[in-house]
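[1] My questions are about this predicted structure, shown below with the sequence.
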Amino acid sequence: MKTLFKHSLIFFLVNLFAFSAECQIIKSDIKGSKEKSLTIIGKDTLLINANIGDQIEAVFMVENNWLDDHFIAQVQTDCHCITAMFPEKINRLKTDSITVVLNTQNIPPGPFIKRAYLDTPDDNVIHLVIMGNLTIIRPVYKQGQPPQIYKPKHIRWVSNKR
């Protein structure tokens, strides 16, 4: 009985070592790859001057360079004023878009930087950045006329140039 236990334990340890060595080789091959799994086509940063109340929509084109589909569970943002719309899956060797929408209504005037974060299969993080300057547009009053109040704009930007 004791020899059977010893043989089973030795067999288990040998298989465990062989499996962990095999996993390390596979992992090092993936890490050694020069090509990134996901890349942004064009720029990953939007520089913009806008007015308070404007809605800024930045569309980032994301290319999947791996031979496997990439599933996106979430895109993290650093502020409640940003929302991200993204596909559930980016097919292998295909391009899709992630849209980051910034509502400037409750952001104080002046310079700002807002980010969204996308995790990649090769343990990197892609930063999708919207930065710029916000100004206040005050109503224009003229005697005998109703005030001219600024109407917020919807600004759309697409990063699709290589």
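    That came through fine. Source: prediction; values computed, not measured.
[2] What helix or strand is the residue at minimal distance from the centre of the chain located in?
    In the chain, the residue lying closest to the centroid (Cα atoms, centre = their mean) is Leu118, at 3.1 Å. Mapping Leu118 onto the secondary structure by DSSP states H and E places it in strand 110-119.
[3] What is whichever helix or strand comes after that strand packed up against?
    Remark: after strand 110-119, the chain's next helix or strand is strand 125-135, criterion DSSP H and E. Judged by 3 or more Cβ pairs under 8 Å, 6 or more residues apart in numbering; DSSP states H and E, strand 125-135 is in contact with strand 38-41, strand 45-51, strand 55-64, strand 95-103, strand 110-119. The way it works is simple: take the backbone N, C-alpha and C, and place the C-beta from them, glycine included.
[4] Let me see the contact set for the residue nearest to the centre of the chain.
    Going by Cβ atoms under 8 Å, 6 or more residues apart in numbering, Leu118 touches Leu38, Val62, Ile72, Val75, Phe86, Ile98, Val125, Ile126, Leu128.
[5] coming back round to it: out of the helices and strands packed on strand 125-135, which is closest to Ile155?
    The closest of the helices and strands packed on strand 125-135 to Ile155 is strand 55-64. By Cβ to Cβ, the value is 4.9 Å.
[6] Mind splitting the protein into its structural domains?
    1-32, 38-159 (automatic domain parsing).
[7] Mind checking the pLDDT average for the first one?
    The reference is to domain 1-32. Mean per-residue pLDDT for domain 1-32: 47.
[8] In stretch 121-128, which residues are buried?
    By neighbour count on 16 or more other Cβ atoms under 10 Å, the buried set for stretch 121-128 is Ile126, Leu128.
[9] how far does it stretch from start to finish?
    17 Å (Cα to Cα, to the nearest Å).
[10] can you list contacts of it?
    30-31, 33, 36-38, 40, 44, 58, 60, 62, 66, 68, 70, 75, 84, 98, 100, 115-120.
[11] I appreciate the help and will end here.
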